[in-house]
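1. Predicted model and sequence below, questions to follow.
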Amino acid sequence: QQQVKQSPQSLIVQKGGISIINCAYENTAFDYFPWYQQFPGKGPALLIAIRPDVSEKKEGRFTISFNKSAKQFSLHIMDSQPGDSATYFCAASKGSWGKLQFGAGTQVVVTP
Amino acid sequence: GAVVSQHPSWVICKSGTSVKIECRSLDFQATTMFWYRQFPKQSLMLMATSNEGSKATYEQGVEKDKFLINHASLTLSTLTVTSAHPEDSSFYICSAVRDRAYEQYFGPGTRLTVT
């Protein structure tokens, strides 16, 4: 069974809008939550990651919000641009060198 | 920093032959590397964990005799698909982890087509 559940499956947002992708996990032992961006035919690129000791992390236009009690975390893409059109994967792992458990992915399309 | 390369980027082979895919960490040492496969419009599926100097650990359902993994050095891991069949056609991606770190950095992937 999938240990990390991701929604929505796809998302269309206008240029300048906010894209929000949500993930939920069950295993409370997870202590690392990264987000990856993948373009067609390419490998995933690490976008931003968070540890459970903080509730929010921001890097440029990308923000992770983390709710430990609800076992949920989300990615917010502010001022979305057409170049942000890609598939985004959330993931979770336990410990350093831990195996990543991936969500199913969200295809984001930013319209001009 | 944290660049991972894969070679080849794409390969076509005939059914029954073997194909080797290389994964290199270019600017850091990686004690641990992972191998994934990805089908179109699907998530990444972990195949195995590769540790330098020891045998790979395979995920349930992955045939270790079919997908041979060798982590020969701190910067190189190889995946050999033996006796390839059309159902092995997929996008294979590796990732590497720095020592005692959490971040996994992925390679650009290898598209394998078996005819």
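-> Looks like it came in fine. Numbering: from 1, shown residues only, chains lettered A, B, ... in the order given.
2. so residue B:98 bridges to which residues?
-> Residue B:98 has these beta-bridge partners by DSSP bridges: residue B:30.
3. what does chain A put close to chain B?
-> Residues of chain A lying close to chain B by C-beta under 8 Å from any C-beta of the partner chain are A:32, A:34, A:36, A:41-46, A:49, A:51, A:89, A:93, A:96-100, A:102-105, A:107. Where you see a C-beta, it was placed from the backbone N, CA and C, and this is true even at glycine.
4. Report the helix or strand with the lowest average pLDDT across chain B.
-> Every helix and strand of chain B was ranked by mean pLDDT, DSSP states H and E. The lowest is strand B:67-73, at a mean of 92.
5. and that one with chain A, contact?
-> No. Strand B:67-73 does not reach chain A (C-beta under 8 Å from any C-beta); its nearest approach is 12.8 Å.
6. for that strand, packing partners?
-> strand B:30-38, strand B:44-51, strand B:76-81 (3 or more C-beta pairs under 8 Å, 6 or more residues apart in numbering or on different chains; DSSP states H and E).
7. CSV please, covering those and showing mean neighbour count, mean pLDDT and distance to residue B:107.
-> Listed next are these as CSV, based on neighbours: other C-beta atoms under 10 Å in any protein chain shown; pLDDT from 0 to 100; distance: least, C-beta to C-beta, whole Å:
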stretch, mean neighbour count, mean pLDDT, distance to residue B:107
strand B:30-38, 24, 94, 9
strand B:44-51, 20, 94, 12
strand B:76-81, 21, 96, 10
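8. Nearest the geometric middle of chain B, what residue?
-> In chain B, the residue lying closest to the centroid (C-alpha atoms, centre = their mean) is residue B:35, at 3.7 Å.
9. residues in contact with the nearest residue to that residue once chain neighbours are set aside?
-> Leaving aside its chain neighbours, residue B:35 sits nearest to residue B:47 (4.6 Å; criterion: C-beta to C-beta, 6 or more residues apart in numbering or on different chains). Residue B:47 makes contacts with B:35-37, B:58-59, B:62, B:67, B:79, as judged by C-beta atoms under 8 Å, 6 or more residues apart in numbering or on different chains.
10. Please identify which pair of those residues lies farthest apart.
-> By the measure C-beta to C-beta, B:59 and B:79 form the most distant pair in the contacts of residue B:47, at 13.4 Å.
11. For residue B:58, see how far away the residue nearest to residue B:35 is.
-> Separation of residue B:47 from residue B:58 (C-beta to C-beta, to the nearest Å): 7 Å.
12. shared neighbours of the two, anything?
-> Shared contacts of residue B:47 and residue B:58 (C-beta under 8 Å, 6+ apart): residue B:67.
13. what stretches of chain A score poorly on pLDDT?
-> Applying pLDDT under 70 to chain A flags the ranges A:1.
14. how many neighbours does whatever residue of chain A ends up closest to chain B have?
-> Among the residues of chain A, residue A:43 lies nearest to chain B; the distance is 4.0 Å by C-beta to the nearest C-beta. Using other C-beta atoms under 10 Å in any protein chain shown, residue A:43 has 23 other residues around it.
15. Now do the nearest residue to it once chain neighbours are set aside: how many residues are near it, please.
-> Spatial nearest neighbour of residue A:43, excluding adjacent residues (C-beta to C-beta, 6+ apart): residue B:106 at 4.0 Å. Around residue B:106 there are 24 other residues, counting by other C-beta under 10 Å.
16. show me the contacts for residue B:106.
-> Contacts of residue B:106 (C-beta under 8 Å, 6+ apart): A:36, A:43-46, B:4, B:93-95.
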